[in-house]
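> mind folding the following:
(2 chains)
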2 protein chains.
Amino acid sequence: MSTITISEASSKERIIQTAAALFAERGYHAVGVSDICEAVGLSRGTLYHHIRSKEDILEEICGNYMSQLGVLARQTVKEESEPEAQLERLGRDLLDIIARHKAELTVCFREIQSLTGERRERVLALHADYERIWADVLKAGAKTGQFLPYSKTRLKGLLGMYYYSYIWIRPDRPAMIEESTIELNDIVLKAVRAHS
Amino acid sequence: MSTITISEASSKERIIQTAAALFAERGYHAVGVSDICEAVGLSRGTLYHHIRSKEDILEEICGNYMSQLGVLARQTVKEESEPEAQLERLGRDLLDIIARHKAELTVCFREIQSLTGERRERVLALHADYERIWADVLKAGAKTGQFLPYSKTRLKGLLGMYYYSYIWIRPDRPAMIEESTIELNDIVLKAVRAHS
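Alright, predicted model coming up:
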């Protein structure tokens, strides 16, 4: 069993957050390990004590948030019984995570092609897992006749609407985030309801 | 007045297309000028006869397609008189361009932060110009009472839905593109209509 001291855990956290901000601003390939060291105020040796490689950081960023979204989504499905309420909470949590971790999610949505081999496979599997939960909710609603028959294209469109918000969402404006949640959730419900 | 011979124009075209495919696959910063030379089969000297720099290519890719979308959108607004018909054609053209030039549009939507200074400003201005046409259509429909009062957030959400399709659209499957056009346009109309 490995023990992680608090300072170790928080150093790693700080490295990941700083790297995410740099990757989001300049693009993953434009940022070198030395840029990360400088921004986080650690020597190269100390940095490599916490992480194995730059790609390791990228996988952590992408993997962390897709896992978190998966956990939240599973909780939603367990705690809400109505498909409409489930959709609303899925949308709210998704936008909330994007707004509160804008740099990380920008990297998550924009840099997946920079991951190679198994790392890319693992992150794509987390994406697919998350999207499957949305699909299951839409299928459950279709089964009861509340929602239109399930369409993968419609789901892709609706999810893209939330995902792409990493471009325009303003974490410093809570009122805008709340308004966006209401507007986007409203679009989703109108799009999937069998009877308007 | 400059004269461009056909072979010059087509060489430049070929450089841009090849570079777009490489940038889309690996990310702009991961691709070197030598990679582009190799893929397009030109020496560095000949390449630099057609383009000034790698960033020049990136600006061409992003600028070309945003300009094209602007031209198509202005044509739509001139030729269609009804806001609903305008929206449907805007959506159809947007998805068509994304599907037929997937690599270029992937670069366009994902690499804007890799452009610097005035280049970035110019491309962002083209984006804003294009989005203004959609906004004007939504405002015109709101004025006649056909559409809900204009909301910038709603527009951002709906455009993001089309933009993000660069991730999942399959240019090799025309039936899927047609189905996606119908599905996404349907979501837009449901989202903006004042009366369902």
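
> contacts for the helix or strand containing A:Asp93?
Assigned by DSSP states H and E, A:Asp93 belongs to helix A:83-100. By C-beta atoms under 8 Å, 6 or more residues apart in numbering or on different chains, the residues outside helix A:83-100 that reach it are A:65, A:68-69, A:72-73, A:76-77, A:80, A:105, A:133-134, A:137-138, A:140-141, A:144, A:146-147, A:162-163, A:165-166, A:169-171, A:177, A:180-181, A:184-185, A:188-189, A:192. C-beta here means a position set from N, CA and C on the backbone, and glycine is covered the same way.

> relative to A:Lys54, how far out is the closest residue to A:Arg44 other than its chain neighbours?
In this structure, A:Arg44 finds its nearest non-sequential neighbour in A:Cys37, 5.4 Å apart by C-beta to C-beta, 6 or more residues apart in numbering or on different chains. Counting by C-beta to C-beta, to the nearest Å, the separation of A:Cys37 from A:Lys54 is 11 Å.

> mind listing what's buried in the helix or strand of chain A with the lowest mean pLDDT?
Lowest by mean pLDDT, DSSP states H and E among the helices and strands of chain A is helix A:6-26, with a mean of 84. For helix A:6-26, a neighbour-count test (16 or more other C-beta atoms under 10 Å in any protein chain shown) marks A:Ser11, A:Lys12, A:Ile15, A:Ile16, A:Thr18, A:Ala19, A:Ala20, A:Ala21, A:Leu22, A:Phe23, A:Ala24 as buried.

> mind listing what the first one touches?
Residues near A:Ser11 by C-beta under 8 Å, 6+ apart: A:Leu42, A:Thr46, A:His50.

> can you check the second one too?
For A:Lys12, the contacting residues are A:His50, A:Ile51, by C-beta under 8 Å, 6+ apart.

> can you tell me the SS state at A:Glu55?
helix (DSSP: H, G, I helix; E, B strand; the rest coil).

> count of neighbours near it?
When neighbours are defined as other C-beta atoms under 10 Å in any protein chain shown, A:Glu55 has 16 of them.

> repeat that for A:Leu138.
A:Leu138 has 24 neighbours, counted by other C-beta under 10 Å.

> surely it touches A:Val192?
Yes: A:Leu138 is within contact range of A:Val192, at 6.2 Å (criterion: C-beta atoms under 8 Å).

> list the residues that are in contact with both of the two.
With C-beta under 8 Å, 6+ apart, A:Leu138 and A:Val192 have common neighbours A:Leu87, A:Phe147, A:Arg154.

> separation between the closest residue to the second one other than its chain neighbours and B:Glu60?
By that I understand A:Phe147. Leaving aside its chain neighbours, A:Phe147 sits nearest to A:Gly141 (3.4 Å; criterion: C-beta to C-beta, 6+ apart). Per C-beta to C-beta, A:Gly141 is found 45 Å from B:Glu60.

> and what of A:Leu90?
Applying C-beta to C-beta to A:Leu90 and B:Glu60 gives a distance of 40 Å.

> how about A:Ala142?
On the measure of C-beta to C-beta, A:Ala142 and B:Glu60 end up 45 Å apart.

> for A:Ser53, same thing?
A:Ser53 is 34 Å from B:Glu60, by C-beta to C-beta.

> likewise for A:Pro174?
To B:Glu60, A:Pro174 is 39 Å away according to C-beta to C-beta.

> quick one: which of those two has more around it?
B:Glu60 (18 against 10).

> residues from chain A in reach of chain B?
Proximity of chain A to chain B, by C-beta under 8 Å from any C-beta of the partner chain, involves residues A:24-30, A:110-111, A:113-114, A:151, A:153-154, A:156-165, A:167-168, A:176, A:179-180, A:183-184, A:186-187, A:190-191, A:196.

> restricted to helices, list these.
In helices, judged by DSSP state H, the following of the residues of chain A next to chain B are found: A:24-26, A:110, A:153-154, A:156-163, A:176, A:179-180, A:183-184, A:186-187, A:190-191.

> hang on, isn't the residue nearest to A:Phe147 packed against A:His195?
No: look at A:Gly141 against A:His195 with C-beta under 8 Å: they stay out of range, at 11.9 Å.

> which one's more surrounded, these two?
A:Gly141 (21 against 8).

> check the more buried one and give its pLDDT.
Looking at A:Gly141, its pLDDT is 97.

> same thing with A:His195?
84.

> that one: what's it in contact with?
For A:His195, no residue meets the contact criterion (C-beta under 8 Å, 6+ apart).

> likewise for A:Tyr65?
A:Tyr65 makes contacts with A:Ile97, A:His101, A:Glu104, A:Leu105, A:Cys108, as judged by C-beta under 8 Å, 6+ apart.

> next: A:Ile57.
Contacts of A:Ile57 by C-beta under 8 Å, 6+ apart are A:Ile15, A:Ile16, A:Ala19, A:Ile36, A:Ile51.

> you'd agree the second one is up against A:Glu59?
No: the criterion here is C-beta under 8 Å, and A:Ile16 misses it with A:Glu59 at 10.5 Å.

> now the buried members of the contacts of A:Tyr65.
For those, buried by 16+ other C-beta under 10 Å: A:Ile97, A:His101, A:Glu104, A:Leu105, A:Cys108.

> from those, which is closest to B:Ala128?
A:Leu105 (23.0 Å; C-beta to C-beta).

> ok, the closest one - contacts?
Per C-beta under 8 Å, 6+ apart, neighbours of A:Leu105: A:Tyr65, A:Ile97, A:Ile98, A:Tyr166.
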